[in-house]
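Trainee: Provided below are the primary sequence and the corresponding predicted coordinates.
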Amino acid sequence: MSASTASWSSVPLAPPDSIFKLSAAYKADDYPQKVNLGVGAYRDDNNKPWVLPVVKKATGLLLNDPSLDHEYLPITGLPEFTSAAAKLILGAESAAIREGRTVSVQTISGTGANHLGALFLSRFYNWNGPKQIYLSDPTWANHYAIFKNVGIEPINYPYYDAKTIGLNFNGFLSSLDSAPEGSVFLLHACAHNPTGVDPTSEQWEKLADAIMKRNHFAFFDCAYQGFASGDLDRDASAVRYFEQRGVPMLVCQSFAKNAGLYGERVGCLHVVGATKDAADRVKSQLSVLQRSEISNPPSHGARLVSLILTDASLFEEWKRDIQTMAQRIISMRKELHRLLTEELHTPGNWDHIVNQIGMFSFTGINPAQCEELVKGAHVYLTGNGRISMAGLNTHNIRYFAESLDKVVRGGM
Ligand SMILES: Cc1ncc(COP(=O)(O)O)c(C=O)c1O
């Protein structure tokens, strides 16, 4: 290696990740009323991270289990976890599971599932032309990097309609109709990030028709099961419907948000095959890819989730914990809407605040207004106007509503 190579002088400086940069700026700010609406992590009414009571209970059970060891897991992960995770998203009655057509591999949370799914497609999908993935406009920013990393070019399909602050359904449909046959479309299973705008069940049916007609492939990303409606089954309905229709698909699943296990990195990739033989082949190749990247996934978080999913009383308790989080978010939506419309009479229509679902809301304000909120009011949010509803609580919501009101009226 030459001296110049070893000095790394030719390595370009990469910009910091925008969400983590925002969090660092919030942390460094000593303004007492500062508000962090940037990061997509649940906070309780006192703005504190919330360890789910069911997770505390499961942790106690695990630690007191005399048979617990720290051996390697199999390459594809903890079998009890992967099979319970598959049932959670595809449904206990899933024909694909019953017929052995599903491959489930434990991954490094949802990001790892997206990566492994992308890598697998990059190597083995039957590409008719250039390797491309259709992403909703907008989408989770990391999707771009994840697909580019494995040589798949991201392109956008219309999704968000700024005029209605809702779904551009016709644009979405016509993009499915005009994309080359066999294209790969990334679909947010529920609680779309960053807009909080999801298709209705009738719209999902039409989307499935269009996908089937053109032989497209559905790459589902499910990072918020339970967070959209508070109901795990309801939030899985699009994925389950597509599986029942026989749409070729895979599903990336994360337990970061719905189990509050952000740092434990618990996730799963499910690939649904046409036959058991196809699933076995897919599993063999996913194992080869996983081996070269992480050898075997981490065990602790997967053991916790597996306990929660397979013990009837822990599972019921988890559902109640999910309700607690979802209901707090829904109550913040209602209160923000009430403050803006009934108390402050903020110009504009704010119904989208209560119509959107999940952790995020697209406020509809422009980048200059976002900057003004950050600089003038110490309210931290991304430049696209997205706010994490989980960052609002009974103590800061009035301050936020008043700050937003001032910005919308033309200045702090
Ligand atoms: C749409 C979407 N997909 C995947 C993820 C992955 O999250 P994690 O890797 O923490 O499970 C996120 C997290 O913000 C997300 O919003």
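Mentor: That came through, no problem.
Trainee: show me the contacts for the closest residue to residue 194 other than its chain neighbours.
Mentor: Distances taken as Cβ to Cβ, 6 or more residues apart in numbering place residue 386 nearest to residue 194, at 4.1 Å, with adjacent residues excluded. Any C-beta I mention is one placed from the backbone N, CA and C, and that applies to glycine too. With contacts defined as Cβ atoms under 8 Å, 6 or more residues apart in numbering, residue 386 is in contact with 194, 195, 360, 361, 362, 363.
Trainee: measure the second one to residue 167 for me?
Mentor: To residue 167, residue 195 is 8 Å away according to Cβ to Cβ, to the nearest Å.
Trainee: any residues in contact with both of these two?
Mentor: Contact criterion Cβ under 8 Å, 6+ apart; residues bridging residue 195 and residue 167 by contacting each: 159, 160.
Trainee: Longest helix in this structure, please.
Mentor: Secondary structure of the chain per DSSP state H: the longest helix is helix 312-338.
Trainee: immediately after that helix, which helix or strand?
Mentor: helix 352-355 (DSSP states H and E).
Trainee: What distance do you get for residue 190 to residue 411?
Mentor: When distance is defined by Cβ to Cβ, residue 190 is 37 Å away from residue 411.
Trainee: I should have written residue 155 there, sorry.
Mentor: Distance, residue 155 to residue 411, using Cβ to Cβ: 38 Å.
Trainee: neighbour-wise, which of the two wins?
Mentor: residue 155 (15 against 9; other Cβ atoms under 10 Å).
Trainee: how about the nearest residue to residue 357 once chain neighbours are set aside, secondary structure?
Mentor: The shortest distance from residue 357 to any non-neighbouring residue, by Cβ to Cβ, 6+ apart, is to residue 228 (4.6 Å). Here residue 228 is coil, with the state taken from DSSP: H, G, I helix; E, B strand; the rest coil.
Trainee: What residues does residue 228 make contact with?
Mentor: For residue 228, counting by Cβ under 8 Å, 6+ apart, the contacting residues are 190, 191, 198, 234, 235, 326, 357, 358.
Trainee: Quick check: the gap between the last one and residue 386.
Mentor: So that's residue 358. Using Cβ to Cβ, residue 358 is found at 11 Å from residue 386.
Trainee: do the same with the third one
Mentor: Residue 198 sits 15 Å away from residue 386, taking Cβ to Cβ as the criterion.
Trainee: how about the residues of the chain near the ligand?
Mentor: With the criterion set to Cβ under 6 Å from any ligand atom, the chain comes near the ligand through 40, 109-111, 140, 188, 193, 221, 223, 254, 256, 262, 267.
Trainee: Which two of these have the greatest separation?
Mentor: The most widely separated members of the residues of the chain next to the ligand are 188 and 262, with 18.7 Å between them, by Cβ to Cβ.
Trainee: With neighbour numbers in mind, choose between these two.
Mentor: For residue 188 and residue 262, the more surrounded residue by other Cβ under 10 Å is residue 188, and the numbers stand at 26 against 18.
Trainee: any idea of the pLDDT on the residue nearest to residue 194?
Mentor: pLDDT, residue 386: 92.
Trainee: Would you list the phi and psi of it?
Mentor: Summarising the backbone geometry of residue 386 under the convention degrees, to the nearest 10, its torsions are phi -80, psi 140.
Trainee: that older thread, who's more crowded, residue 195 and residue 167?
Mentor: Neighbours around residue 195 and residue 167, counted as other Cβ under 10 Å, are more numerous at residue 195. The numbers are 27 against 20.
Trainee: measure that one to residue 14 for me?
Mentor: According to Cβ to Cβ, residue 195 and residue 14 sit 27 Å apart.
Trainee: Next: residue 343.
Mentor: Where residue 14 is concerned, residue 343 sits at a distance of 44 Å (Cβ to Cβ).
Trainee: higher neighbour count, those two?
Mentor: Each of residue 343 and residue 14 has its neighbours counted (other Cβ under 10 Å); residue 343 has more, 12 against 6.
Trainee: Fine by me, thanks again.
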